[in-house]
Structure formats: C-alpha cells, structure tokens
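1. no FASTA, just this:
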C-alpha cells in the first residue's frame, strides 16, 4: 500500500510534526517525511522512519511538509499517530521532556541549547545537550531516562522499575538492586504491577540485613506477588531475563520503617484506611468503597510481636466487586466483577435490588462497556429471571437510567470465555412511586425524547440520532396504573435498510460498538431525482481483508465502485454518476474479529441534463425533466403502435445521452385491441394503405358488454373490402361486408364482447383507408329474434337477459325447434335456441282437437313428388268430424286424396278426390276420420287446405242433395227417411230412400246417399228427340 499526505501553511511559518504512537514493520514498512511542495522529492527528505520507537519532533524548513507511507504485502502493524501544527520560522520547536527526567532551557530558536538529566536510579540514554540548528532540526534526539539495571537505594521510600518500564524489558538482562535502610529499620515492598516471561525470566527478593540471609521468593509469570516485609535493614532484588521473549516487567514501591513498628500496611485497592500510626500496639481499620465487598483479610489489623517479630496480626483486606447479590440499601453502587479493571471470562452474575414497598428501583449507568454480542447485561422488571424484560445491553449501548414498575429489579450479567472489557458502574436508588404520574421513562441511547410531562394520560415520543432507527414508532402513554403502556424503545444501527433523502448517515450495526460477526448487510440510498450520491467517511475500521464494504450504483456488487477494508479512512466517493440517483452499500463480516466499523454521511449533488429529444408524430409524452436518471414515457394515439422503447432515460457518465432513440408511432396491418374503447386504423393511416394487404383486427372488451363500432373515416377502392364478424373468429355471424364509402357513419353492434375484422386490399390501387372507433356498452337485450313463417308469438317479455319469447304455428302447421327462446345472461346477449319454423307436414295424428286444419305438405308451396301421407283425426267418443275444403288443387287422376270414415283403410271409404274442383263438405259417422294423400313422380300442384271441426252426434249428418238430383225430406232423427230423385236423363246409383240409423251412439244413413249419373244412350237419344 502507498499513501501520500501533504500540508501547506502560511509562508511565514513552518510545520512541527510530533508523534504520539509509532509501530511499523521494521525495515519493510516505512514513513518518509519530506520538506517542500514536491511530494516524493528524494532531495528534500528529512527522515525515513520505521520500527516501534516513537520518533522525535520533526520541523519543516519551509511552509510545506509531505509524508509518504509505504507498506509491503505481508505483516501489518498498528501504524502511527502524529500531531502537526504551524510555528514561527527560526526555531526547532519544543522537543519535550523525557519521562523521569528534567530539562534546563526553555528557548528553541536557532543557536539555543537544551540540557537534560534524569531522576535518581535512571540512566540518561542519548545526548545530554542538544542545539537548535539552522535547518530547524535539533542536533540530536531528545534523550530518554531508563531505569538503571544496577542501583543502591538509600532513601526512606522509592520505586523500582524493570528497565524500560512500562515498555518491555530487553533480553539477556542481569540486574541487581539494593535497598539499604538505616540500621535497626526494616523494608516493605508493595508490587503494583508484575508481568515477566513465565519460568524463563524471574525476580528474586532476598533479605540480607540479618546474620543469615534468607530468600523471600522467586517470582515469575503474571501473578502479582503479595506484600513483603524484611527482617533486616537491607533487601536485595535480582532480575534475570533470557535470550527470547520479553514482557512489560514490574513496578515496585518500597518504604522503610522502624524495629518497634509495623510496616505501612497500605490502603486496599477500592478501599479506605483509618489510622496512620503503625507502632507496636497500634490498630488500623479498613473499609471497602461503595460497591465493593471484602473477599480476603480483616477489617482491622493490630501491630503485635509474633515469633519475635513485630508484625500485623492479620492480612490487609482485599476489596472486590462481587458477582451478584441481594441489595436492599436505599442507595448504592453495583459494579461488574473486577472493576475498575476488566471483568473475568465465563461469568454468570445475578443481582436483585429490592426497594421498600410503594417505591421503585432506579438504576443510572455511569459507565458501561462490554464485549459486543457476547457479554450482556439483562435487566428485568421484577425479582427473578422470569420477570418482564426491560432490556438487554452490550457494548456501550446502555441508557442513562432505567426505572422499575415495582419495588424489585433483576440484573443478570453473562460473559463468554474470550475477550472482556471494563464492564460497568451502576448507581441504584429507591424512589417514591408517583401518585398522579408515571416515573421518568428515560431517553434511548443515541436518541431524543419529545415531551417532559409524565402525568396520567401524557404521551411521550422519541426520535433517534442520524443513522439510527427507532425500534418502536408508537408513543408511550402514562396509564392510570402509573405505568407506561410499553417499554422505552431503543435506537439501533441496523443491518441494512432503505434510506431516502437529500442527506443522511450510514452506520455499521451496533456503532459505535464493535459490529457483530457473520454479517451481510445491504443499504440502498436514494436521493432526489437526477442527483448523484456523495459519501464521506468519518470513521472506518474493519478487519483487514476479511471484513469489507462494497459500494455500487447499479444494484450489482459484481463490479463495485469501491471495495473498502482495513482501518485507513477512505476519501469521499461519488456514486450515481450514471443516473440512477441511488447507491447501494453492502457490508460483509466474517466469523472472527470485529472493530468499530464505520460512520458514513451521504449528500446529493447535481448532474448535467440531457437535451430535449422531442415528441414523435401521433403520440404524447409524459415527462418534462431531462436530468440524469429522468425518464420520458411515450404513448401513441389510439390505433397506433409504438415502435421502439416507450421509456427513455437520461444516462449519466462523461456524455449525457438518452438510453434509446426516439420511438415512432405506426398504424399497422392488423391489431389486437383490448379495452372499453379504442380506435382501429388501416395500415399507414392517414396516408394511403398499400396493395395486397390481408389484415386481421381483433377487439375484446369486458365480459357482459357489447362493442359498438362507427366508421369516422372510410375510403376504400372498389375491390378492397372490410368484413366484420360478430365474435372471436371468422366462423362467427357476419355483420357486414363494406367497400368504397359504404361504412361511413354506419353503426355496428356486436352481441358479445368480441369482434373479428378482416381487411383485404387487392393489387391494383390504393386509398386513404379507414378510421374505426369503438366503445363498449352493456349487453342488456338480445336482438329481435323474428317470427317464423306461418307462425306467431304468444309471449314476448322485451328481450332482456333471462326473459323468453314463446312461439306457436298457424293451424295446420307443426312447430319445428324450440317453442320458447331465452335471452342468455352470459358473455353474449344471444338466444339460447335458433328461431323455430312452422312446417305443413306429410301426415300426422290429431287427437282431441275440436277444430283444425289439414294442409298438403309444404303448403302453400307445391307439394313434393312421390308422397304417401296419412292424417288421422280422432275426436272424443260420441263426436263426429266434418271436413270443409278451402283450397284443393292436385294433378288429376294421379295425385289423389282419399278419406275414410273410421280408422285407416279398415274404415268406410267416403270419397277420393283429385283435380282442381273444390270438394263438398264431408262428414264422418265415427269419431275417427282418416285422410290419405298420394302423389306420383311427375307434376305437382299447390295442394289443399282443409278445415276440420267436431260436433256431438245427436242426428245423422245432412246427406246433401246429389248433383243433378232432388231430395225430399229434411228430418235427420233416427228412423227418419229422405227420398232422392235424379233429374231427367240421369240414372240413380244407389237407393232412392235412405234412413237415419243409430248404433252405439253412431248416427249414419243406411244405405249411403245415392248419386245421379248420366243415363244410357237410348235415354240420351230420347231426350234429344223430345221437342
């Protein structure tokens, strides 16, 4: 990695650079500090720094300074922390005073000198005197004071340090220190800090003030030794280190005291001492600070003689923060175990705080810091781990205070088996419950509270600092039971989300605490239309290479704008250059280490617009903004199809262009139109259509509606035509076939929600074509179904859906088809059955009718050839049947109508007729009459129409008067007789007298009435000769 930095200040001043921390991989990672405006100029290099020693002050020669950090691709280090400021020219700057040393001289101008010396027991390393040179640099580095490896201490008290403490001591050390008190006095050691390499590096403490020297102990590792008191007035300390590992070392305080007194017992850490006299017989009392308890030693010690030595009769107590407890004091302090140091691993500590009845428990967090995600403090509103949860806190995210709703509060602190932190310091107190209000609900960490009234019925709302999200947007309400209706919400830095606005913040989850492991978070930032997104980094620290942040602007992270990792603060980044007015960030962390994460603010910035692309013919445009990422949407006038992209977007980048060419609107050959209204156009309309077109147009509207079509413009050449079908294909009913100007202003209505239209042009000429508009209408009625020939309607309910039309036929005709038609209520308004027909049939059986008509087949049209038709008329018993001939016309002698009185040919043949002479009325004597009509294969005539009627038989039928004859008598009662006589020249065939006979309710003449036929030749001759 290569990183350059430079500063430019007032030309009358120079730059002072001082380092606070410095740690680079020795020889491989370097920091070069140079002077002047040209970064990297080898001729102006002031220093090349590496290793772990904190560099001395550096002052530039000019008003400009540059730094060049160069690291390799292997081992990383902590880096450095430096401060810079401008100072007047002509000086070298204050180099500082070494620790455990002092300085003579306070002027730092050219030519001035400074002299250094160290405190007792410390050796000066470096130049004792340095001078300020003309190049603004001191002639030497500031010296350091290192604790001597050999020294005799003779003062009543002092400090013994391992060499280089608190930094690590060196290898192969062999140090000896003697503490020499006044004869008769003794020496007391207190170990404040102790850490040396276990087993291999060690400290030996010996008592040499007695005739027989003794060794107090050999100490190694990390355990801090207990206090030591000598019996004599000389104590020897020997420290040895081997050739390998080193450590921080030790810090030991010594004091001397007399023979008839005990040594200073000291003051317990986290405790207090009462009593300053240590003479024989004196006592000293101890107490632990608030929040700590005694875990070792005694509350009081007395200086006594024991085994000939003057000693304290008990150990000094140890004050430690307990792991749990039941706290009942009205006020107090609760501390994490190990406070003020780091807490231990694998803890499971429970506290119950109990206040007086009608009181609540309030805890206030003075300090809170735990390992994020792993070490947590759980707070519950009650006395046990099953009480309602108030909150679970980790990292540094704890509220200022919490208040219970009862007189109990339960706290559980759990830690894992790895890293730890400083823990917490919590003050608790018992507070009186309010009688007309709720207790203060607190304020969320990283949030704000709106509303300071806590009276019953009051509402309090909360909001979060920028970058944090409120866990519950609902306000909290103080209820009549003096409790808030729900818990205090929290403000959390979430894992991902959608953020819209001109500016805002993105925080790593849990910020400012360490982020959790195994994250995969995606944020989408959207700013105003046509703007870009600028990201500025304020904090950035991720696990190098393993945890990373991707930034993109197109939603795809395969080729991001930036991939960031490590702890170097990135420069600002601009996204959204290509017009999507948004940016996406994805943060991925692995399963191991984590750090502070990041704090990023975003803001929008302007982008240059595209040019106005215009509007295509026969179209409309939606959109009048041409900025980056602005879109224009085009649609064609009804009947035209859009060719090209209906939406074009102004693209970003170096050159502003639209995402696609301007579309165009065309009238095509054929189309499918779906909707309640629309327009159909001939190809190329309003220009002329081309030859040899075969175009299909389909229209579909909503179910239950019909389509009404009007031609607002219709100009076709003869030979070109437009066909319209009432349905979804050409097999449907044809509504019309139009050419030339025939369809202009014609209205076409469909019976369903579909129309099929065919346009054909031939190969000869062209014309303007057509413009057809359509709209949908409710299909309320079916079309008029019509009336069959020789039939009539007997019921018509208006042709509405689910209504009927009922038909019947004229007398003599038979209904073929359904007698009733129903208007359907489905997608089409059509009749469920076709229109029936009325047919004069060939034969039939008529029963119980009082009257009717017999027609020749197909009447009034000529009957067919080769017919053999039989009609049977059956009246009720006791009735007779009469025939009255209305029309009669058959082929003479070849097409014959026969009538039997009775059932078929087993009855009595009444008569046979042919020709065109209208027969006389004919009567049955039975209640059954049979008619038979036979036609040959040749000539046919118009046929016949015969009216029949029935009457109740009480007399014989009128026998009539024979042609060319005379009848005498009109009575037709049973037993009555009638006499007949033929005219001269005619001879009677049959009996002259007939009698009315009744037999089984049948009335008939017996014998049959006679007929008069022409006489013999001689009779004719006589008639001719007679004058």
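-> Received it, and whenever you're ready, just let me know what you need. A quick note: this is a predicted structure, and the numbers were derived from the prediction, not measured. Numbering: from 1, shown residues only.
2. drop to CA atoms for contacts and neighbour counts, all remaining ones
-> Will do.
3. which intervals of the stretch 451-600 of the chain have sub-threshold pLDDT?
-> 577-580 (pLDDT under 70).
4. what ranges do the strands span in it?
-> 459-464, 469-470, 476-477, 491-492, 497-500, 503-507, 520-526, 531-541, 548-552, 562-564, 573-575, 582-588, 597-606 (DSSP state E, counting those that start in this stretch).
5. Using TSV, lay out those strands together with mean neighbour count and distance to residue 927.
-> Formatted as TSV, the strands of the stretch 451-600 of the chain follow (neighbours: other CA atoms under 10 Å; distance: least, CA to CA, whole Å):
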stretch	mean neighbour count	distance to residue 927
strand 459-464	19	104
strand 469-470	19	104
strand 476-477	20	102
strand 491-492	23	107
strand 497-500	13	99
strand 503-507	20	109
strand 520-526	19	101
strand 531-541	20	105
strand 548-552	22	105
strand 562-564	16	112
strand 573-575	19	108
strand 582-588	23	102
strand 597-606	20	109
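6. Which one of those lies nearest to residue 440?
-> strand 459-464 (10.4 Å; CA to CA).
7. Note down every partner strand of that closest one and its orientation.
-> strand 447-450 (antiparallel), strand 476-477 (antiparallel) (DSSP bridges).
8. now for those, which one comes closest to residue 625?
-> Ranking the strands paired with strand 459-464 by proximity to residue 625 (CA to CA) places strand 447-450 first, at 38.8 Å.
9. chain center to the closest one, what's the gap?
-> In terms of CA atoms, centre = their mean, to the nearest Å, the centre of strand 447-450 is found 30 Å from the chain centre.
10. count of residues packed around residue 628?
-> 29 (other CA atoms under 10 Å).
11. Hmm, it is touching residue 650, no?
-> Yes: if you go by CA atoms under 8 Å, residue 628 and residue 650 touch, sitting 4.9 Å apart.
12. Residue 859 touches residue 944, doesn't it?
-> Yes: proximity of residue 859 to residue 944 meets the contact threshold set by CA under 8 Å, at 7.4 Å.
13. Comparing the two, which shows the higher neighbour count?
-> residue 944 (23 against 19).
14. So residue 1008 versus residue 417, what's the distance?
-> Residue 1008 sits 137 Å away from residue 417, going by CA to CA, to the nearest Å.
15. More neighbours: those two, which one.
-> Taking neighbours as other CA under 10 Å, residue 1008 and residue 417 compare with residue 1008 leading, 15 against 11.
16. Give the closest residue to the more buried one in space, chain neighbours not counted.
-> residue 994 (6.9 Å; CA to CA, 6 or more residues apart in numbering).
17. ok, how many other residues are close to the one you found?
-> By other CA under 10 Å, 21 other residues sit near residue 994.
18. Helix, strand, or coil at it?
-> Following DSSP: H, G, I helix; E, B strand; the rest coil, the label given to residue 994 is strand.
19. what's the answer for residue 43, then?
-> For residue 43, the assignment made with three-state DSSP gives helix.
20. re the thing from before, hang on, the residue nearest to residue 1008 packs against residue 981?
-> No: if you go by CA under 8 Å, residue 994 and residue 981 don't touch, sitting 11.9 Å apart.
21. Report the contact partners of the closest residue to residue 596 other than its chain neighbours.
-> Spatial nearest neighbour of residue 596, excluding adjacent residues (CA to CA, 6+ apart): residue 514 at 4.4 Å. Residue 514 is in contact with 371-372, 395, 594-597, counting by CA atoms under 8 Å, 6 or more residues apart in numbering.
22. switch to 7 Å and redo it
-> 372, 594-597 (CA atoms under 7 Å, 6 or more residues apart in numbering).
23. which stretches of the stretch 101-250 of the chain have low pLDDT?
-> The stretch 101-250 of the chain contains no residues with pLDDT under 70.
24. Kindly recompute the last result at 80.
-> 209-211 (pLDDT under 80).
25. ranges for the strands of it?
-> 101-104, 113-118, 122-125, 129-131, 144-147, 150-153, 157-161, 174-180, 186-195, 202-207, 214-219, 228-229, 234-240, 249-257.
26. Could I get the full set of strands for the stretch 851-1000 of the chain?
-> According to DSSP E, counting those that start in this stretch, the strands that the stretch 851-1000 of the chain contains are 851-855, 868-874, 879-889, 896-901, 908-913, 922-923, 928-934, 943-952, 965-968, 977-982, 986-989, 993-999.
27. Nearest approach to residue 575 belongs to which of those?
-> strand 851-855 (96.4 Å).
28. Show me the contact partners of that closest one.
-> Outside strand 851-855, the residues touching it (CA under 7 Å, 6+ apart) are 811-812, 840, 944-950.
29. again, but for stretch 984-993
-> 977-982, 1007, 1010-1015, 1019-1020.
30. for these, which one is nearest residue 313?
-> Ranked by distance to residue 313 (CA to CA), these are led by residue 1007 at 171.8 Å.
31. Can you give me every residue that contacts the nearest residue to the closest one once chain neighbours are set aside?
-> Leaving aside its sequence neighbours, residue 1007 sits nearest to residue 994 (CA to CA, 6+ apart; 5.5 Å). For residue 994, the contact set (CA under 7 Å, 6+ apart) comprises 977-979, 1005-1009.
32. Let me know the closest of those to residue 347.
-> Nearest to residue 347 among the contacts of residue 994 is residue 1005, at 136.1 Å by CA to CA.
33. List the contacts of the helix or strand containing that closest one.
-> Taking DSSP states H and E as the definition, residue 1005 sits inside strand 1002-1006. With contact meaning CA under 7 Å, 6+ apart, strand 1002-1006 is reached by 925-926, 953, 955-956, 994-998.
34. How about stretch 880-898?
-> So stretch 880-898 is in contact with 911-927, 929, 931-936, 939-953, going by CA under 7 Å, 6+ apart.
35. now swap in stretch 839-850 and tell me
-> With CA under 7 Å, 6+ apart, stretch 839-850 has contacts from 812-815, 855-859, 869-876, 949-950.
36. Can you tell me, leaving aside adjacent residues, what's nearest to residue 809?
-> Closest residue to residue 809 apart from its sequence neighbours, by CA to CA, 6+ apart: residue 791 at 3.9 Å.
37. Same check on residue 84?
-> Counting by CA to CA, 6+ apart, residue 17 is the residue found nearest to residue 84 once chain neighbours are left out, at 4.4 Å.
38. how close does residue 593 sit to residue 544?
-> Applying CA to CA to residue 593 and residue 544 gives a distance of 10 Å.
39. mind listing what the closest residue to residue 860 other than its chain neighbours touches?
-> Nearest residue to residue 860, sequence neighbours excluded (CA to CA, 6+ apart): residue 942, at 6.2 Å. By CA under 7 Å, 6+ apart, residue 942 lies in contact with 859-863, 889-890.
40. roughly how far apart are residue 942 and residue 891?
-> 9 Å.
41. same check, this time on residue 304
-> On the measure of CA to CA, residue 304 and residue 891 end up 168 Å apart.
42. Of these two, give the one with the bigger neighbour count.
-> The neighbour comparison of residue 304 against residue 891 (other CA under 10 Å) goes to residue 304, with 21 against 18.
43. Tell me if I'm right that that one and residue 311 touch.
-> Yes: under the criterion of CA atoms under 7 Å, residue 304 is in contact with residue 311, at a separation of 5.5 Å.
44. ok so, going back, okay if I get the strands paired with strand 459-464 as CSV plus distance to residue 219?
-> Putting the strands paired with strand 459-464 into CSV (distance: least, CA to CA, whole Å) gives the following:
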stretch, distance to residue 219
strand 447-450, 51
strand 476-477, 60
